[in-house]
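Undergrad: return a 3D structure for these sequence lines:
(2 chains)
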2 protein chains.
Amino acid sequence: MTNHVLILSARAADYARLLAESELPECVLHAATNAGDAGEWPARCPIVLADPPLIRPLLPELTALRWLQATYAGVETLTGPGLRRDYLLTNARGAFGDLMAEYVMGYLIMHERLGWQRFLAQREGRWDATWPGRVRGKTMGLVGVGSIGAEIARAAKCFGLRTLGYTRASEGCAAIDGYFHGGDLAAMATQCDYLVCSLPNTDASRGLVDAAVLAALPPHAVLVNVGRGSTVDEGALVAALQGGRLAGAVLDVFATEPLPQESPLWSLPNVLVTSHTSALSYPEDIAPIFADNYRRFVAGETLRHVVDFEQGY
Amino acid sequence: MTNHVLILSARAADYARLLAESELPECVLHAATNAGDAGEWPARCPIVLADPPLIRPLLPELTALRWLQATYAGVETLTGPGLRRDYLLTNARGAFGDLMAEYVMGYLIMHERLGWQRFLAQREGRWDATWPGRVRGKTMGLVGVGSIGAEIARAAKCFGLRTLGYTRASEGCAAIDGYFHGGDLAAMATQCDYLVCSLPNTDASRGLVDAAVLAALPPHAVLVNVGRGSTVDEGALVAALQGGRLAGAVLDVFATEPLPQESPLWSLPNVLVTSHTSALSYPEDIAPIFADNYRRFVAGETLRHVVDFEQGY
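TA: Next up is the predicted model:
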């Protein structure tokens, strides 16, 4: 039996090449970078590999759909109210931990080492030997300890940090030194030199890092957000930074993206805007996840990274 | 018996405080930030804890000297030809690996992530979502695998890099995947995405990274030097960078420091000048090394980190 697979992605050609190389059994690929080029295949493919924003408007047309593999970790585009839920949705959540661990450690080290100050000094030809700090011995609080938070925690332990984790309930990560739940996020924040958010956009995460949590952080603390912008109350964050109650923020994600020109976050000192690049979906990372799930799907086995539509991740 | 200890350091007050707290037996401290304030103590102290450049002009006056603990790892100031060698010299080489590992990984991650490009884009209010690279999977060649190189290699393995080591002879570091010796530095360089130098300034290291080694590196490679500036032929490095035969250089150390205003390294694109701050001597790191050696000295035991005057480290 032949399985027709629709690939709808900005990187469709890369996915088609990589999946052809992995020689999936009974698999025929139909790749397009936009719906207009997909022809009749949306209606005929039971299997779809797609960038969530591209596939969302096509959901009603996917009349043969049984399984959709998203190329992103965050799939709030596909789980919102009113959208169909009569198929298996899997995300790519295993693929981003490594990249985000590099991002978080790199930017925190640069913060401690005064990397930006020294970069600007160099442009003036100035030998700036100001004594830097270090991450070793600091405490990192992780808001969210899923596959991404766990990788960040693991990297943090490599550099001798203490790690605290705020989770819904689970306590399964060996790289976390202490857990917090429920109403205890502010209590965790009081102990943190760095607060690192890697939560998806769900009802439970929206606005979780609010004025009270930001106020609980010590004034020398740095906030990092690599999850979704909705986790952080941006107005409260701007107020905390402007008031000198927070040393800095490294922000990859925002309530609105691209970040609007009028946002004060663009020009606040000690805020870094990294334009949602902390962990992009590299086809060489995502294709193996699809291939593994494809083999499971045709064998009738349980897929990996199945999304719970109710929870939204 | 009372042991008089001369402390001569820019951070003398911190050392005096930290060593007083560690309650060393029979120890009387005499702290000064410059020779003029040291009074008669240079002639009367058998034990000295000192910043090498500060103590060097006093060497002839240290008539009671038996042991000198340097606050630096690099002690070429004290091992040059014509200088006395009739005492035990120990350096602080165990203290810098952690700091240098943070530095090297932080700067390499920032290179891959286009951190500087994105930082400048932000100053223009520009959402720069250029796809970044990653360090995972890359190959790091370490020129020198002493206590510092070993810590850098360990951190590199945490991020999934392949590590190659160029050493005089030893092969004792578990975090190195393959070793090179003798005339094989250029052969190692051909395999490297990053070449990281952490050598002391000795006859053997001087000019080791020359035009031939730089030419052997792939054009996408980045050179990092956290050891001593003398290891790298700066003229050849400038030529390689200007010719586009090297992607970048992260330089903490230079042939002349501070780096002279007229050096093209200040303004070459993709060169970062970090003004010899990669691993400063923090008294909280160095004082325990002195305290440990002090206890060994008074007990008649072998000291740690004894410098071989012939080898210069």
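Undergrad: nearest spatial neighbour of A:Glu76, skipping sequence neighbours?
TA: Spatial nearest neighbour of A:Glu76, chain neighbours left out: A:Asn201 (4.3 Å); criterion: CB to CB, 6 or more residues apart in numbering or on different chains. (C-beta placed from N, C-alpha, C; glycine too.)
Undergrad: that neighbour: neighbour count?
TA: Using other CB atoms under 10 Å in any protein chain shown, A:Asn201 is surrounded by 21 other residues.
Undergrad: surely it is in a strand?
TA: No. When DSSP: H, G, I helix; E, B strand; the rest coil is applied, A:Asn201 is found to be coil, with no strand at that position.
Undergrad: the residue of the stretch 201-313 of chain A found nearest chain B: which element?
TA: In the stretch 201-313 of chain A, no residue comes nearer to chain B than A:Pro258, which is 3.8 Å away by CB to the nearest CB. A:Pro258 is located outside every helix and strand, with elements delineated by DSSP states H and E.
Undergrad: tell me who's in contact with it.
TA: Remark: with contacts taken as CB atoms under 8 Å, 6 or more residues apart in numbering or on different chains, A:Pro258 is in contact with A:275, B:127, B:129.
Undergrad: any of those buried? List them.
TA: For these, a burial check counting by 16 or more other CB atoms under 10 Å in any protein chain shown picks out A:275, B:127.
Undergrad: with distance to B:Ala174 added, can I get the contacts of A:Pro258 in CSV?
TA: Written out in CSV, the entries for the contacts of A:Pro258 read as follows (distance: CB to CB, whole Å):
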residue, distance to B:Ala174
A:Ser275, 39
B:Trp127, 44
B:Ala129, 39
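Undergrad: ok, of the contacts of A:Pro258, which one's closest to B:Val48?
TA: Checking the contacts of A:Pro258 against B:Val48 by CB to CB gives A:Ser275 as the nearest, at 53.1 Å.
Undergrad: on that earlier part again, and the contacts of A:Pro258, which is closest to A:Thr33?
TA: A:Thr33 has its nearest neighbour among the contacts of A:Pro258 in B:Ala129, at 16.9 Å by CB to CB.
Undergrad: now stretch A:28-35 - C-alpha only, CSV.
TA: What follows is the C-alpha trace of stretch A:28-35 in CSV, where atoms were taken according to Å, rounded to 0.1, in the frame of the first residue of the first chain:
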residue,chain,number,x,y,z
VAL,A,28,5.4,8.9,-1.9
LEU,A,29,6.3,12.6,-1.1
HIS,A,30,4.5,15.6,-2.4
ALA,A,31,6.4,18.8,-1.5
ALA,A,32,5.3,22.4,-1.7
THR,A,33,6.3,25.6,-0.1
ASN,A,34,2.8,27.1,-0.3
ALA,A,35,-0.8,25.9,-0.5
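Undergrad: looking only at pLDDT, what's the mean for that stretch?
TA: Mean pLDDT, stretch A:28-35: 96.
Undergrad: what are the buried residues along it?
TA: For stretch A:28-35, a neighbour-count test (16+ other CB under 10 Å) marks A:29-33 as buried.
Undergrad: show me the strands in chain A, by range?
TA: Assigned by DSSP state E, chain A shows strands spanning A:3-8, A:27-32, A:47-50, A:67-70, A:88-90, A:139-143, A:162-166, A:178-180, A:194-197, A:222-225, A:248-251, A:271-273.
Undergrad: the fourth one packs against which elements?
TA: This means strand A:67-70. The criterion is 3 or more CB pairs under 8 Å, 6 or more residues apart in numbering or on different chains; DSSP states H and E, and the helices and strands that strand A:67-70 contacts are strand A:47-50, helix A:52-55, strand A:88-90, helix A:283-298.
Undergrad: now those in a markdown table, with mean pLDDT?
TA: Output for those, formatted as a markdown table (pLDDT from 0 to 100):
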| stretch | mean pLDDT |
| --- | --- |
| strand A:47-50 | 98 |
| helix A:52-55 | 97 |
| strand A:88-90 | 98 |
| helix A:283-298 | 97 |
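Undergrad: let's have these in TSV, adding mean neighbour count and distance to B:Glu102.
TA: Output for the helices and strands packed on strand A:67-70, formatted as TSV (neighbours: other CB atoms under 10 Å in any protein chain shown; distance: least, CB to CB, whole Å):
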stretch	mean neighbour count	distance to B:Glu102
strand A:47-50	27	39
helix A:52-55	19	36
strand A:88-90	20	37
helix A:283-298	19	26
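Undergrad: quick one: closest of these to A:Leu114.
TA: Evaluated with CB to CB, the helices and strands packed on strand A:67-70 place helix A:283-298 nearest to A:Leu114, the distance being 32.6 Å.
Undergrad: I figured A:Val135 was touching A:Val104, is that so?
TA: No. Between A:Val135 and A:Val104 there is no contact, the gap being 10.1 Å when judged by CB atoms under 8 Å.
Undergrad: quick one, which of those two is more surrounded?
TA: Comparing A:Val135 with A:Val104 by other CB under 10 Å, the one with more neighbours is A:Val104, at 28 against 21.
Undergrad: ok, now which ones touch the more buried one?
TA: The neighbourhood of A:Val104, defined by CB under 8 Å, 6+ apart, consists of A:152, A:155-156, A:196, A:224, A:226, A:250, A:278.
Undergrad: so which of those residues also contact chain B?
TA: Residues shared between the contacts of A:Val104 and the neighbourhood of chain B are A:Ala155 [CB under 8 Å from any CB of the partner chain].
Undergrad: of the contacts of A:Val104, select the buried ones using a ChimeraX command.
TA: Below is the selection syntax for ChimeraX that covers the buried ones among those, with 16+ other CB under 10 Å defining burial:
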select /A:152,155,156,196,224,226,250,278
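Undergrad: redo the contacts of A:Val104 as TSV? Include pLDDT.
TA: TSV is the format used below for the contacts of A:Val104 (pLDDT from 0 to 100):
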residue	pLDDT
A:Ile152	98
A:Ala155	98
A:Ala156	98
A:Val196	98
A:Val224	98
A:Val226	98
A:Val250	98
A:Ser278	97
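Undergrad: which one of the contacts of A:Pro258 is nearest A:Ile289?
TA: Checking the contacts of A:Pro258 against A:Ile289 by CB to CB gives B:Ala129 as the nearest, at 22.4 Å.
Undergrad: just the pLDDT for that closest one.
TA: The per-residue pLDDT reported for B:Ala129 equals 96.
Undergrad: shouldn't it be in contact with A:Ser278?
TA: No. When contacts are counted by CB under 8 Å, B:Ala129 is not listed as touching A:Ser278 (10.9 Å).
Undergrad: show me what contacts the most centrally placed residue in chain A?
TA: A centroid search over chain A (CA atoms, centre = their mean) returns A:Gly227, at 4.2 Å, as the residue closest to the centre. Neighbouring residues of A:Gly227 by CB under 8 Å, 6+ apart: A:74, A:143-144, A:148, A:197-201, A:205, A:253.
Undergrad: drop anything exposed from these.
TA: Those of these that meet the buried threshold are A:74, A:143-144, A:148, A:197-201, A:205, A:253, by 16+ other CB under 10 Å.
Undergrad: pull the most distant pair out of the residues you listed.
TA: Taking CB to CB as the measure, these reach their widest spread between A:Gly74 and A:Val143, a distance of 15.2 Å.
Undergrad: close to chain B: what parts of the stretch 201-313 of chain A are there?
TA: For the stretch 201-313 of chain A, the contact set with chain B under CB under 8 Å from any CB comprises A:257-259, A:261, A:266-267, A:272-277, A:280, A:282.
Undergrad: show me which of those are buried.
TA: Among those, those that count as buried by neighbour count (16+ other CB under 10 Å) are A:259, A:266, A:272-277, A:280, A:282.
Undergrad: pull the most distant pair out of those.
TA: With CB to CB as the measure, no two of those lie farther apart than A:Trp266 and A:Tyr282, at 27.3 Å.
Undergrad: how long is stretch A:3-21 end to end?
TA: This stretch, stretch A:3-21, spans 17 Å end to end (CA to CA, to the nearest Å).
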